[in-house]
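Enquirer: let me see the structure of the following:
(chains A and B)
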Number of protein chains: 2
Amino acid sequence: MSVKKIINDPGSFVDEFVEGILLAHPDLVRTPGDDLRVLVRADAPQRGKVGIVTGGGSGHLPLFKGYVGKGLCSGVAIGNVFSSPSSEQILAATRAVDGGAGVLYLYGNYGGDVFNFDLAVDLAELDDIPTRTVLGRDDVASQPKERKHDRRGVAGILFAYKAAGAAAERGDSLEEVAAIAEDIVEHTATMGIGLAPTIMPTTGKPSFELPDGEMEIGIGIHGEPGIRRVPLETADEIAEHLVQALVGDLGLPSGARVAVLVNGLGATPLEELYVLYRKTHQLLTARGIQIAKNYIGEYATSLEMAGASISLLELNDERLALLDAPATSPFFQEH
Amino acid sequence: MSVKKIINDPGSFVDEFVEGILLAHPDLVRTPGDDLRVLVRADAPQRGKVGIVTGGGSGHLPLFKGYVGKGLCSGVAIGNVFSSPSSEQILAATRAVDGGAGVLYLYGNYGGDVFNFDLAVDLAELDDIPTRTVLGRDDVASQPKERKHDRRGVAGILFAYKAAGAAAERGDSLEEVAAIAEDIVEHTATMGIGLAPTIMPTTGKPSFELPDGEMEIGIGIHGEPGIRRVPLETADEIAEHLVQALVGDLGLPSGARVAVLVNGLGATPLEELYVLYRKTHQLLTARGIQIAKNYIGEYATSLEMAGASISLLELNDERLALLDAPATSPFFQEH
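Expert: Here you go, the predicted structure:
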């Protein structure tokens, strides 16, 4: 297993790539204070509009900090690799994006993040900034459907960012933006497979061992192994298993419309994602499910993990219009 | 070395990912005939405008087929992994994009591609379609400056696509579009480093062996090893060596303006590319060189090779305006 990375001191890895982002995109993002771990839209706050703050560990680019921009999130608090940001950082982002209409906390369901965001809720209240919290919890492999509220959040949070960001941009209230984010999360399901582990920059070690000829089904994006280990399948078999699980979980009938996200976890070539999309498209079409939008590429990674996930969002006219609204960040564009 | 990939039969890999692209982006690209290896803009040909045809081996997405779209190339002929397309495929693309103003062949300088494109020149002449040829040859590690016309083409061809595409879009003549592409190539320089080899889908084998703790300087994008093997450097050292080589090769004085492309070769996380950009930005700024545009991400890959390249294009007002012109493909947007 190779452990080679393009880094300097592992301890300064996060600060250095955030500094790179700030140097590259000063027209789009800025730090409101001295802490490189807090990024907000260059034009924050938007007066009279709801702010959206996200956050989480590093190592997932474009997630999370890549989705700060017009029509997306207003700010982000950035943790170390696979670690939560602090409540102080979340509060700093909150203050910087507060335009007087309150702030939505929209992030993935992980213990450390929930702990620190919940602390920030209390701190923001002392500042008289009302907040609402919506958790991404789209990973169907992480918990059965009966416990779907305990599921962890993975790539499908992109849909919630996009829709909530569009709603905030048009001037919806905090309650309305939160309700839209919740509605999107409720209708999003994701499942992933891993072919090779992540290598941690701090230790240079793989996050788990995976023998030749095997793959992990239900992999997470923090180097967590999946729910079961099976012999490596073909691309078409992988698509079949994931699509079946997702369609079943969402209960999608023939005639349903969906947005599809085929997401690469880091090392998997874009060509392979398109091979996976091909079969996904065929399978959904055969079930009478119409793909109204597709996203294919790296949207939520786990450093250089090899693997991919598929996310489905069940659409209606409202959700589709919100996905179609314009958005611009250093890493995401919708026109 | 893991050999795991998300594929079906390696022999159908290329056809299947192209089919995926066609299913995902029918509004942007189409096949003019039955051959999946020929893609053109959905709205080709543009009447009265110059067509631009590119082509090359597969395994480099977004290169080459990702740059077919408005303000970019008009069509592409697609070879097997790391192999040239045939002259018949190039001719088919040529016929489909010919709008009556001639066709520019713009592709990377590799023997097989030159052979087949040159055959296509003759075939197009029989069809009374005038062509001009401009070769991407930006890899400074592949030949010394005295033999710069023999250099191979790598990621820097993006700049030529962008500028030539903008010129064709505004209605420039074939001679003018070719001159612009040539001017861009003349002022572009790229150099890359590799940390881990590509794995060939057909054999499942790595393209070369690289011991732990070493890296290749001057790596190509076809699994070719670099010009020398050295102990692994830090990100800042890598940036210093590449920037020094590129600035020297282009002879950039203080006061020069450049576009910078920090390109990932496949498996390298986006975070590491931003660490590389950070130092690149600092080094260029310290030399009094202004970065007027930057591109950071995967623009020309080599399947799942770990590594990165830096490209510089020396700008003037004309070149910058052409880079800033709008462009839309499934994989590239400029607004």
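Enquirer: C-alpha only now, for contacts and for neighbours.
Expert: Noted.
Enquirer: tell me which stretches of chain A form helices.
Expert: Ranges of helices within chain A are A:13-24, A:87-97, A:111-126, A:157-169, A:174-186, A:235-250, A:270-286, A:317-324, based on DSSP state H.
Enquirer: mind listing what's buried in stretch A:214-227?
Expert: Under the neighbour-count criterion of 16 or more other CA atoms under 10 Å in any protein chain shown, stretch A:214-227 has A:214-226 buried.
Enquirer: return the item of these having minimum pLDDT.
Expert: Among the buried residues of stretch A:214-227, residue A:223 carries the lowest pLDDT, at 73.
Enquirer: just want the phi and psi numbers for that one.
Expert: Backbone torsions of residue A:223, given as degrees, to the nearest 10, read phi 80, psi 10.
Enquirer: quick check: residues of the stretch 1-150 of chain A near chain B?
Expert: A:1-8, A:13, A:16-21, A:23-24, A:59, A:61-62 (CA under 8 Å from any CA of the partner chain).
Enquirer: any of these buried? List them.
Expert: Using 16+ other CA under 10 Å as the burial test, the residues of the stretch 1-150 of chain A next to chain B include A:2-8, A:13, A:16-21, A:23-24, A:59, A:61-62 as buried.
Enquirer: list the residues that contact the nearest residue to residue A:117 once chain neighbours are set aside.
Expert: In space, and not counting its chain neighbours, residue A:117 is closest to residue A:87: 6.0 Å by CA to CA, 6 or more residues apart in numbering or on different chains. By CA atoms under 8 Å, 6 or more residues apart in numbering or on different chains, the contact list for residue A:87 reads A:116-117, A:119-120.
Enquirer: tell me which parts of the stretch 151-300 of chain A are close to chain B?
Expert: Counting by CA under 8 Å from any CA, the positions of the stretch 151-300 of chain A adjacent to chain B are A:195-196, A:212-213, A:232-236, A:266-279, A:281, A:294.
Enquirer: so how do I select the buried members of those in PyMOL?
Expert: A single PyMOL command selects the buried members of those (16+ other CA under 10 Å):
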select buried, chain A and resi 195+196+232+233+235+236+266+267+268+269+270+271+272+273+274+275+276+277+278+279+281+294
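Enquirer: below-threshold pLDDT in chain A: ranges please.
Expert: A:1-3 (pLDDT under 70).
Enquirer: what does the domain assignment say about it?
Expert: According to automatic domain parsing, chain A comprises the domains A:13-187, A:188-323.
Enquirer: quick one: terminal-to-terminal distance for the last one?
Expert: Distances were taken as CA to CA, to the nearest Å; on that basis the terminal residues of domain A:188-323 are 13 Å apart.
Enquirer: that domain: how far from the chain's middle?
Expert: A distance of 13 Å separates the centroid of the chain from that of domain A:188-323, by CA atoms, centre = their mean, to the nearest Å.
Enquirer: over to the longest one?
Expert: Distance of domain A:13-187 from its chain centroid, counting by CA atoms, centre = their mean, is 10 Å.
Enquirer: from chain B, how far out is residue A:198?
Expert: With distances taken as CA to the nearest CA, to the nearest Å, residue A:198 is found 10 Å from chain B.
Enquirer: can I get the helices of chain A in a markdown table including distance to residue B:133?
Expert: Shown next, in a markdown table, are the helices of chain A (distance: least, CA to CA, whole Å):
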| stretch | distance to residue B:133 |
| --- | --- |
| helix A:13-24 | 34 |
| helix A:87-97 | 52 |
| helix A:111-126 | 55 |
| helix A:157-169 | 42 |
| helix A:174-186 | 50 |
| helix A:235-250 | 38 |
| helix A:270-286 | 28 |
| helix A:317-324 | 39 |
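Enquirer: most tightly surrounded among those helices?
Expert: helix A:157-169 (a mean of 27; mean count of other CA atoms under 10 Å in any protein chain shown).
Enquirer: elements contacting it?
Expert: Applying 3 or more CA pairs under 8 Å, 6 or more residues apart in numbering or on different chains; DSSP states H and E, one finds that helix A:157-169 contacts strand A:51-58, strand A:103-108, helix A:174-186, helix A:317-324.
Enquirer: and the contacts of that helix?
Expert: With CA under 8 Å, 6+ apart, helix A:157-169 has contacts from A:49-52, A:67, A:70-73, A:106-108, A:136-138, A:176-178, A:180-182, A:184-185, A:188, A:299, A:313, A:319, A:322-323, A:325-327.
Enquirer: okay, angle between that helix and helix A:317-324 too, please.
Expert: Interaxial angle, helix A:157-169 versus helix A:317-324 (axes from the mean of the first three to the mean of the last three CA atoms, to 10 degrees): 90 degrees.
Enquirer: what would helix A:157-169 look like as CSV? C-alpha coordinates only.
Expert: Extracted in CSV, the C-alpha atoms of helix A:157-169 (Å, rounded to 0.1, in the frame of the first residue of the first chain):
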residue,chain,number,x,y,z
ILE,A,157,-26.6,16.3,1.3
LEU,A,158,-25.6,18.0,-2.0
PHE,A,159,-29.4,18.0,-2.9
ALA,A,160,-30.3,19.6,0.4
TYR,A,161,-27.6,22.3,0.1
LYS,A,162,-28.8,23.1,-3.4
ALA,A,163,-32.5,23.3,-2.5
ALA,A,164,-32.1,25.1,0.8
GLY,A,165,-29.6,27.5,-0.8
ALA,A,166,-32.1,28.4,-3.5
ALA,A,167,-34.9,28.9,-1.0
ALA,A,168,-32.7,31.2,1.1
GLU,A,169,-31.6,33.1,-1.9
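Enquirer: which of the contacts of residue A:87 sit farthest apart?
Expert: For the contacts of residue A:87, the maximum inter-member distance is 6.3 Å, found between A:116 and A:120 (CA to CA).
Enquirer: which neighbours do the two share?
Expert: Applying CA under 8 Å, 6+ apart, one finds that residue A:116 and residue A:120 are jointly contacted by A:87, A:90.
Enquirer: quick one on the thing from earlier: out of the buried residues of stretch A:214-227, which sit inside strands?
Expert: Those of the buried residues of stretch A:214-227 mapping onto strands are A:214-217, per DSSP state E.
Enquirer: what residues are bridge-paired with residue A:73?
Expert: Here residue A:73 sits in beta bridges with residue A:68, as judged by DSSP bridges.
Enquirer: swap in residue A:55?
Expert: Residue A:55 has these beta-bridge partners by DSSP bridges: residue A:77.
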